[in-house]
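>>> Fold the following and give me the result.
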Amino acid sequence: MARHLITSAIPYINGIKHLGNLVGSQLPADLYARYLRARGHEVMFICATDEHGTPAELAAAKAGKPVADYCAEMHAIQAEIARGFHLSFDHFGRSSSPQNRVLTQAFAKRLAEAGLIREVTEKQMYSVVDGRFLPDRYIEGTCPNCGFDSARGDQCDNCTKQLDPVDLINPRSVISGSTELELRDTKHLFLRQSELRGKLADWIDSKADWPILTTSIAKKWLNDGDGLQDRGITRDLQWGVPAQFDGAPWQGMDGKVFYVWFDAPIEYIAATQEWADATGGDWERWWRTDKGAEDVTYTQFMGKDNVPFHTLSFPATILGSAEPWKLVDYIKSFNYLNYDGGQFSTSRGRGVFMDQALGLLPADYWRWWLLSHAPESADSEFTWENFQQSANKDLADVLGNLVSRVTKFCRSKFGEAIPEGGHFGERETALIADLESRLRSYEAHMEAMDVRKAAIELRGIWVAGNEYLQAAAPWTVVKTDPEAAAAMIRLALNLIRVYAVISAPFIPAASASMMAGMKTDDWSWPASMAEALAVLPVGHVFEVPEVLFRKITDEERVEWQARFAGIRT
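Below is the predicted model of the structure:
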């Protein structure tokens, strides 16, 4: 048994997330965590809400609520939605936690003591109309890199380039829309990332197994232009971790807070501390290599826009501290999921959002489609036609149909218990061999985190069972050879349990329904398919489960397509 630490990119607190956010980090991380647990490994799966910075302040102002109250409400909402999608976090924390405040300030102190923080007086945009500086997302304009006209002051959503507000062309205040902006002096703390370039380059070069998407983005920011730049880690904001040193304001930094992308990744560690404080667990054995974490495999899941911070800025914090913290071993990054010819956007309210999705259909429909279409090698696109086709064909016609046909046929001909029947013949032997090969391939794809390939192989396993039943035709054989038909059904009923076990990482609720129908709690992973297909003994009682997946009608598809064609208000 190995130990695996898994973190999913921390979602912003500014509203309910859309399906693109879900498939870009949380959902594939949950898939991997569930699979590893099913194989007997010890897993710590951590996520949290990212509650500091301009997104939180702007969203709270729009909602007309104090930012602390807004964040508390939205954390509760996001946690509830995560449960609705069956995301199996060991802890879903908050970056505004006391643990994160203490830890962020401790990291800053260590970095300062190592000479890796410097004070910089720089010019920043000041809005005369608003009477304040405009950090990060308080300002929008045209990206100087790609020309996108709605780039934000911290990053361009279109090309992922990290920006400063002064970089933007034709900038405007997000608060008032005013273009009456001027540059004024303000002092900030900068992390001297450039001093760590060599260490970061060596570390990234050592990760030969990382996805091309991850390493290409990391090396782009490490080497393009003038190379890795020092990065401001404080902002002129009121909400955040105060820029303090040993409990007192950093000299000259009164009223400033740490930059959200400095404190947010530290929350991975702090959230594990939150878990430990709530459960009595030992968080250090997951994060401190001098306390046992040297045996941990740490995997991060994120969208490509988060890669620069997790391959450069957060590792710079860890390496610069010179303390024995666990560095990430593997970063699984994803491209974008687009929506029906455009982009999903939380801030602009475009696309299907997680709460809306759960209001339409159970989570497993969305989990299956999103994972089987995960944007791994390129951007992918959600369309209602494709969603309907995939749900109806894969879930209803293939998996759901097999479960229904087998259980109902057995009930009508042999009763609600595993029938005895005769021995398996050549067809059954061939099926078992085929399933054994497919299962090993499925395992290899899951271990490699090849999400789409794993989904294809899992569907192939479902199809193989259907094809066997179609060819064996126990409903016909029972008329002339009841014992042979009983043997076929005995195998098929055991196959339902196997399907439940191996499908659970993708569709946990349906898998639980299958297991309940088979009246067993034996979730053991198949060591061999021959053994697995004999786990439920002759005479074991079952019941016909409810329909696993109903079909999505054309009328529903048309109605949903029209309903979500506009912008969410």
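>>> these two touch, right, residue 380 and residue 370?
No. Under the criterion of CB atoms under 8 Å, residue 380 is not in contact with residue 370, lying 9.4 Å apart. For the C-beta atoms, the positions are set from N, CA and C on the backbone; glycine is no exception.
>>> more crowded one of the two?
Per other CB atoms under 10 Å, whichever of residue 380 and residue 370 has more neighbours is residue 370, with 27 against 19.
>>> so that one makes contact with residue 20?
No. Counting by CB under 8 Å, residue 370 sits too far from residue 20 to count as a contact (9.1 Å).
>>> Quickly list what's touching both of these two.
The contact sets of residue 370 and residue 20 overlap at residue 337 (CB atoms under 8 Å, 6 or more residues apart in numbering).
>>> just for the stretch 151-300 of the chain, where's the confidence low?
Within the stretch 151-300 of the chain, the segments meeting pLDDT under 70 span 225-226.
>>> still on that earlier bit, joint contacts of residue 380 and residue 370?
By the contact definition CB under 8 Å, 6+ apart, residue 380 and residue 370 are jointly contacted by residue 337.
>>> How about the secondary structure of the residue nearest to residue 268 when sequence neighbours are not counted?
Computed as CB to CB, 6 or more residues apart in numbering, the closest residue to residue 268 that is not its neighbour in sequence is residue 7, at 4.7 Å. Of the three states, residue 7 takes strand under DSSP: H, G, I helix; E, B strand; the rest coil.
>>> what sits against residue 7?
Contact partners of residue 7, counting by CB under 8 Å, 6+ apart, are 29, 45-47, 268, 298-301.
>>> Residue 303 too?
The neighbours of residue 303, taking CB under 8 Å, 6+ apart as the test, are 9, 20-21, 24-25, 333-336.
>>> Distance-wise, check it relative to residue 169.
From residue 303 across to residue 169, the span is 25 Å (CB to CB, to the nearest Å).
>>> Same question for residue 398.
Taken as CB to CB, the span from residue 398 to residue 169 is 52 Å.
>>> which one of these two has more residues nearby?
Taking neighbours as other CB under 10 Å, residue 398 and residue 169 compare with residue 398 leading, 18 against 11.
>>> Skip the chain neighbours and tell me the closest residue to that one.
Spatial nearest neighbour of residue 398, excluding adjacent residues (CB to CB, 6+ apart): residue 462 at 4.8 Å.
>>> Could you check which helix or strand contains the one you found?
helix 451-472 (DSSP states H and E).
>>> As CSV, could you dump the C-alpha coordinates of that helix?
Written as CSV, here are the backbone C-alpha positions of helix 451-472 (Å, rounded to 0.1, in the frame of the first residue of the first chain):
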residue,chain,number,x,y,z
VAL,A,451,-8.6,9.9,-18.2
ARG,A,452,-10.2,9.6,-21.7
LYS,A,453,-8.4,6.4,-22.5
ALA,A,454,-9.6,5.0,-19.2
ALA,A,455,-13.2,5.9,-20.0
ILE,A,456,-12.9,4.3,-23.4
GLU,A,457,-11.6,1.1,-21.9
LEU,A,458,-14.3,1.1,-19.2
ARG,A,459,-16.9,1.5,-21.8
GLY,A,460,-15.3,-1.4,-23.8
ILE,A,461,-15.7,-3.6,-20.7
TRP,A,462,-19.4,-2.7,-20.5
VAL,A,463,-19.8,-3.4,-24.2
ALA,A,464,-18.1,-6.8,-23.9
GLY,A,465,-20.7,-7.9,-21.4
ASN,A,466,-23.5,-6.8,-23.7
GLU,A,467,-22.0,-8.5,-26.7
TYR,A,468,-21.6,-11.7,-24.8
LEU,A,469,-25.3,-11.7,-23.7
GLN,A,470,-26.4,-10.9,-27.2
ALA,A,471,-24.5,-13.8,-28.6
ALA,A,472,-25.2,-16.2,-25.7
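>>> could you point out which element follows it?
Moving toward the C-terminus from helix 451-472, the next helix or strand (DSSP H and E) is helix 474-477.
>>> if we can go back for a sec, list buried residues within the contacts of residue 7.
For those, a neighbour count by 16 or more other CB atoms under 10 Å gives the buried set as 29, 45-47, 268, 298-301.
>>> can you redo the residues you listed as a markdown table with secondary structure?
What follows is the buried ones among the contacts of residue 7, written out as a markdown table (three-state DSSP):
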| residue | secondary structure |
| --- | --- |
| 29 | helix |
| 45 | strand |
| 46 | strand |
| 47 | strand |
| 268 | helix |
| 298 | strand |
| 299 | strand |
| 300 | strand |
| 301 | strand |
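>>> Can you list the low-confidence ranges for the stretch 301-450 of the chain?
By pLDDT under 70, the low-scoring segments of the stretch 301-450 of the chain are 345-350.
>>> Repeat the analysis, applying 80 as the threshold.
Scanning the stretch 301-450 of the chain for pLDDT under 80 picks out 342-350.
>>> can you pull out the strands in it?
Per DSSP state E, counting those that start in this stretch, the stretch 301-450 of the chain carries strands over the ranges 330-334, 337-339, 342-343, 380-382.
>>> Would you tell me which one of those is buried the most?
strand 330-334 (a mean of 23; mean count of other CB atoms under 10 Å).
>>> Using CSV, list the CA coordinates for that strand.
C-alpha atoms of strand 330-334 as CSV (Å, rounded to 0.1, in the frame of the first residue of the first chain):
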residue,chain,number,x,y,z
TYR,A,330,3.3,15.1,-10.8
ILE,A,331,1.1,17.8,-12.2
LYS,A,332,-1.8,16.7,-14.3
SER,A,333,-2.9,19.8,-16.3
PHE,A,334,-5.9,20.2,-18.6
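>>> Who are the packing partners of it?
helix 27-38, helix 212-223, strand 296-303 (3 or more CB pairs under 8 Å, 6 or more residues apart in numbering; DSSP states H and E).
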